[in-house]
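Peer 1: Kindly return the folded structure for what I paste below:
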Amino acid sequence: MIAHLRGTLLTKHPNQVVVETAGVGYEVNISVPTFSELPANGAEVALHIHTHVREDVIALYGFLRPAEKALFEKLMTVSGIGAKLAITILSGMAADDMAAAIRGNDLARLTKIPGIGKKTAERMVLELRDKLPPVSGTATLTASPISAVEEDVLSALVNLGYQRAAAEKSLASVLKNGKSGSFDAMFREALAGLSK
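Peer 2: Take a look at the predicted model:
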């Protein structure tokens with residue numbers, strides 16, 4: 001099992017990266033918060049890896065922080081949540097916010113995440129409420145603006161299952177309201193607009 005990967009970041013997309021280690025390029029699925037904090041292509045990167053093995057696929061899921069990996073693995077223990085949905089959930093809400101929503105039985109916030117209905121949100125609360133560590137007081141790092149950030153936001157929304165036209169409309173609304181900035185901020189605003 002691969003548990004950690006350090007190497008050169010060859011390519012990055014909102015949901016996937018390729019990391020070269022000892023001449024081998026590993027394709028790693030990532031969350032949007034991880035994407036927003038990655039260095040530029042060609043830089044060294046270290047990811048905490050969850051190796052997901054199924055009958056028909058072996059997939060790697062990477063995280064910059066061990067806490068995000070731990071939350072990902074806890075989400076997969078909830079019945080009805082697999083690896084793909086777990087990574088989508090982590091892309092839809094910051095890890096600390098999600099932990100607070102689960103602990104606070106805040107179903108309204110949880111159901112705003114794409115792919116999470118009321119029943120899944122209830123299962124998340126029921127099965128994870130007592131398993132999550134207390135929220136840390138540390139603030140998350142703010143990501144610097146990324147070139148072609150609007151295209152990355154659109155790509156991330158389409159990868160989550162939204163129609164491109166709807167994603168473009170939501171992003172246009174975010175930009176019109178003067179809320180441009182980091183990928184993470186723009187993505188969350190556009191996602192919130194689509195979830196209404």
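
Peer 1: all contacts plus neighbour counts: C-alpha atoms, from now on.
Peer 2: Fine.

Peer 1: Can you show me the strands along this structure?
Peer 2: 4-13, 16-21, 24-30, 44-53, 58-63 (DSSP state E).

Peer 1: Name the nearest residue to Ile58, sequence neighbours excluded.
Peer 2: Once flanking residues are discounted, Ile58 sits nearest to His52: 5.7 Å by C-alpha to C-alpha, 6 or more residues apart in numbering.

Peer 1: Near that neighbour, how many other residues are there?
Peer 2: Applying other C-alpha atoms under 10 Å, we find 14 residues neighbouring His52.

Peer 1: Tell me what it is bridged to.
Peer 2: Note on His52: beta-bridge partners by DSSP bridges are Ala59.

Peer 1: hang on, it packs against Gly62?
Peer 2: No: taking contacts as C-alpha atoms under 8 Å, His52 lies outside contact range of Gly62: 10.8 Å.

Peer 1: ok, residues contacting stretch 46-65?
Peer 2: By C-alpha atoms under 8 Å, 6 or more residues apart in numbering, the surrounding residues in contact with stretch 46-65 are 1-7, 27-31, 34, 66, 69, 73, 83.

Peer 1: Report the buried residues of it.
Peer 2: 46-51, 59-64 (16 or more other C-alpha atoms under 10 Å).

Peer 1: same thing with stretch 92-101?
Peer 2: 92-96, 98-101.

Peer 1: can you list these in TSV and add distance to Gly42 and pLDDT?
Peer 2: Compiled in TSV, the buried residues of stretch 92-101 are given as follows (distance: C-alpha to C-alpha, whole Å; pLDDT from 0 to 100):
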residue	distance to Gly42	pLDDT
Gly92	27	85
Met93	28	82
Ala94	27	79
Ala95	27	80
Asp96	30	80
Met98	32	84
Ala99	34	83
Ala100	36	85
Ala101	37	86
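
Peer 1: which one among those residues gets closest to Lys112?
Peer 2: Gly92 (8.2 Å; C-alpha to C-alpha).

Peer 1: separation between the closest one and Leu194?
Peer 2: To Leu194, Gly92 is 12 Å away according to C-alpha to C-alpha, to the nearest Å.

Peer 1: Pairing-wise in the sheet, spell out the partners of the nearest residue to Gly25 once chain neighbours are set aside.
Peer 2: Nearest non-adjacent residue to Gly25, counting by C-alpha to C-alpha, 6+ apart: Val19, 5.4 Å away. On the basis of DSSP bridges, Val19 is bridged to Leu9, Tyr26.

Peer 1: Val19: neighbouring residues, count only.
Peer 2: Neighbour tally, Val19, other C-alpha under 10 Å: 27.

Peer 1: Same question for Asn15.
Peer 2: Neighbour tally, Asn15, other C-alpha under 10 Å: 22.
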